[in-house]
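J.: have a look; sequence and predicted model below, questions after that.
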Amino acid sequence: MRDQFNREIDYMRISITDRCNLRCKYCMPEEGIQKVPMSRILTYEEIIRICEAAVSLGINKFKITGGEPLVRRGCVSFCKELREMSGVQQVTMTTNGQQLEELLDGLADAGIDGINISLDSLKDDRYKVITGGGDLRKTLIGIEAAVSKGIKTKINCLIQKGFNEDEVTDFAKMAFDLGIDVRFIEIMPIGYGRPDNGLSNEILLQRLKDDYPRLTLDSAPRGNGPARYYSIPGRKGSIGLISAMNNSFCGSCNRIRLTSQGTIKPCLCYEDSLDLRPALESGSIEALQRVLSDAVLSKPAGHAFENRDCVERRSMVEIGG
Ligand code: SAM
Ligand code: SF4
């Protein structure tokens, strides 16, 4: 369905958990966040009902996220059930990749259409620091396994000044060596993210062009996201820039977000959300459709990350990145 700015909203990000096996510095405090009891987290059956209502409104592409989606038991079977739902065109996932190798066959069997893997460093020690103890080797094995299985694989990378800015070229090389998309995302002032620590994509692009002079803006359509892609003629793989802070991408926004506790966020930036619980409890698909269409119709024209007073105060794990 279209929102009041005539944008087609056909994509929903679903956070299935607020728990995570890592503690990325910009996302979660070391001690974690207060655990929400499972009784307040949507069951898979409830999420499926919400998705049925969403599909009836023309929302047919879904991204499974969290927290870390793969830590929730039953995630793979849930993906399969969603992928098999009539009218669903795409189910993809965003993961830190720590458990990807062991769950990959199941995800492939579930018909997953793509996997985005978050990876901020290719150096063991830095990866451990930024993720609060993660094992780089596991994520790299997961990436290689996904690529060799032929699953559409993308890397999401946050570059921070003085931390991993010297790895931009290594990530670009990874994109071209493996023939995959590596997307650089600007840090947003959500959760523990401090945009001042981030490197703007404008500077990053200039550095990439110094290393790869043949890098060219590539307008071939791909994915659902707001990334602007650059590639090298004749080579597989590309670099995506998601300029969350410096180049508002809201004009082409196509999404709403379902939180693990059953609220719908019309926009990532603002705290506003609509509660789906009463509609779920009523058992009526029409009630779910009403809340979802209200969410679509209340989407704002754009974000206001520069105005800290109105920015979402919950962390990314709570709202789904
Ligand atoms: N655990 C999964 C993962 O890391 O891919 C999925 C959830 S995570 C919240 C989704 C994405 O949000 C990750 O790529 C992460 O880097 C990104 N993220 C978290 N906090 C952010 C922030 N403040 N600004 C920009 N991206 C952020
Ligand atoms: Fe966990 Fe993903 Fe947040 Fe890192 S970015 S702490 S992996 S939810």
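T.: It's in. Ligands and ions are numbered 1, 2, ... in the order given.

J.: what's the distance between whichever residue of the stretch 201-321 of the chain sits closest to ligand 2 and ligand 1?
T.: Using Cβ to the nearest ligand atom, the single residue of the stretch 201-321 of the chain nearest to ligand 2 is residue 317, 4.6 Å away. Placement of C-beta: from N, CA and C, glycine included. Distance of residue 317 to ligand 1, given as Cβ to the nearest ligand atom, to the nearest Å: 6 Å.

J.: tell me the contacts of that residue?
T.: By Cβ atoms under 8 Å, 6 or more residues apart in numbering, the residues touching residue 317 are 15, 18-20, 27-28, 33, 66-67, 191.

J.: how far does the one helix or strand it maps to sit from the chain's center?
T.: Per DSSP states H and E: residue 317 is located in helix 316-319. How far helix 316-319 lies from its chain's middle: 11 Å, per Cα atoms, centre = their mean, to the nearest Å.

J.: pLDDT on that helix, on average?
T.: Predicted confidence along helix 316-319 averages 80 (mean pLDDT).

J.: can I get the contacts of residue 317 in TSV with pLDDT?
T.: As requested, these are exported to TSV (pLDDT from 0 to 100):
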residue	pLDDT
15	96
18	92
19	93
20	94
27	91
28	87
33	80
66	94
67	94
191	79
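
J.: among those, which are located in strands?
T.: Of the positions in those, residue 15 sit in strands, assigned by DSSP state E.

J.: farthest-separated two in the contacts of residue 317?
T.: 19 and 191 (14.7 Å; Cβ to Cβ).

J.: quick one, which of the two is more surrounded?
T.: residue 191 (23 against 20; other Cβ atoms under 10 Å).

J.: count of neighbours near the residue nearest to that one when sequence neighbours are not counted?
T.: Of all residues not flanking residue 191 in the chain, residue 315 sits nearest, at 3.5 Å (Cβ to Cβ, 6 or more residues apart in numbering). Number of residues near residue 315 (other Cβ under 10 Å) recorded here: 19.

J.: what number of residues lie near residue 213?
T.: 9.

J.: need phi/psi at it.
T.: phi -60, psi -20 (degrees, to the nearest 10).

J.: measure it to ligand 1 for me?
T.: For residue 213, the distance to ligand 1 equals 29 Å [Cβ to the nearest ligand atom].

J.: same question for residue 210.
T.: Counting by Cβ to the nearest ligand atom, the gap from residue 210 to ligand 1 is 25 Å.

J.: got the phi/psi numbers for residue 257?
T.: According to degrees, to the nearest 10, residue 257 has phi -130, psi 130.

J.: show me what it is bridged to.
T.: Counting by DSSP bridges, residue 257 forms beta bridges with residue 13, residue 265.

J.: hmm, residue 272 and it touching each other?
T.: No: applying Cβ atoms under 8 Å as the test, residue 257 and residue 272 come out as separate, 11.3 Å apart.

J.: can you pick out the residue with more neighbours from these two?
T.: Using other Cβ under 10 Å as the criterion, residue 257 and residue 272 rank with residue 257 on top: 22 against 16.

J.: hey, where'd the helices end up in this structure?
T.: All helices of the chain, identified by DSSP state H, fall at 44-56, 75-84, 100-110, 124-131, 136-148, 168-178, 201-211, 277-282, 285-297, 316-319.

J.: go through those and pick out the most buried.
T.: helix 316-319 (a mean of 24; mean count of other Cβ atoms under 10 Å).

J.: just the C-alpha atoms of it, please, in CSV.
T.: Taking Å, rounded to 0.1, in the frame of the first residue of the first chain, the C-alpha atoms of helix 316-319 are listed here in CSV:
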residue,chain,number,x,y,z
MET,A,316,18.7,-1.2,18.1
VAL,A,317,18.3,-4.6,19.7
GLU,A,318,14.9,-3.6,21.1
ILE,A,319,13.6,-2.1,17.8
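
J.: for the contacts of residue 317, give me TSV that also has distance to residue 87.
T.: As requested, the contacts of residue 317 are arranged in TSV below (distance: Cβ to Cβ, whole Å):
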residue	distance to residue 87
15	22
18	28
19	30
20	31
27	33
28	35
33	35
66	24
67	27
191	33
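
J.: got the residues of the protein near ligand 1?
T.: Contact residues, the chain versus ligand 1 (Cβ under 6 Å from any ligand atom): 20, 26-27, 65-66, 68, 94-96, 118, 156, 158, 185, 187-188, 190-191, 193, 316-317, 321.

J.: who are the contact partners of residue 190?
T.: Residue 190 touches 268-269, 311-312, 315-316, 319, counting by Cβ under 8 Å, 6+ apart.
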